[in-house]
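Colleague: Quick check, what structure comes out for this input:
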Amino acid sequence: MAAQTETNKGALKKLKTYFRGVKAEVKKVNWPNRKELINHTAVVIALCSIVGLIIWLFDTLVRGLLSFIIG
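Modeller: Prediction:
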């Protein structure tokens, strides 16, 4: 039983050390300001829309081609 308690204490100590490291790394992050965040979000939405449009166009063309060949 004592060995298990020691193992639990060691695991708890490692967990605390891990979260202290995470906290230190989060403090180092260069967080974007509101303007940068809005700008980057707009870029992501625009690019996702463009890629979605390209996929839709390709799907429509392939479906039409297969319909022409099969039907």
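Colleague: Look up phi and psi at Asn30.
Modeller: Main-chain torsions, Asn30, degrees, to the nearest 10: phi -90, psi 90.
Colleague: That one - how many residues pack around it?
Modeller: If you count neighbours by other C-beta atoms under 10 Å, Asn30 ends up with 5. The way it works is simple: take the backbone N, C-alpha and C, and place the C-beta from them, glycine included.
Colleague: what about it, distance to His40?
Modeller: Taking C-beta to C-beta, to the nearest Å as the measure, Asn30 falls 13 Å from His40.
Colleague: Give me the pLDDT for Ala2.
Modeller: Ala2 carries a pLDDT value of 52.
Colleague: now do Gly71
Modeller: So, for Gly71, pLDDT stands at 80.
Colleague: ok, it - how many residues close by?
Modeller: Neighbours around Gly71, by other C-beta under 10 Å: 5.
Colleague: Could you measure from it over to Leu57?
Modeller: 21 Å.
Colleague: Likewise for Lys14?
Modeller: 52 Å.
Colleague: next one: Ser49
Modeller: Per C-beta to C-beta, Ser49 is found 12 Å from Leu57.
Colleague: Was I right to think His40 contacts Pro32?
Modeller: Yes. Under the criterion of C-beta atoms under 8 Å, His40 makes contact with Pro32 at 6.7 Å.
Colleague: Just give me the residue closest to the centre of the chain.
Modeller: Val44 (12.5 Å; C-alpha atoms, centre = their mean).
Colleague: From Asn33, how far off is that one?
Modeller: Counting by C-beta to C-beta - Val44 and Asn33 are separated by 17 Å.
Colleague: how far out from the middle of the chain is the longest helix along the chain?
Modeller: The longest helix of the chain (DSSP state H) is helix 34-70. The chain centroid and the centroid of helix 34-70 are separated by 19 Å, computed with C-alpha atoms, centre = their mean, to the nearest Å.
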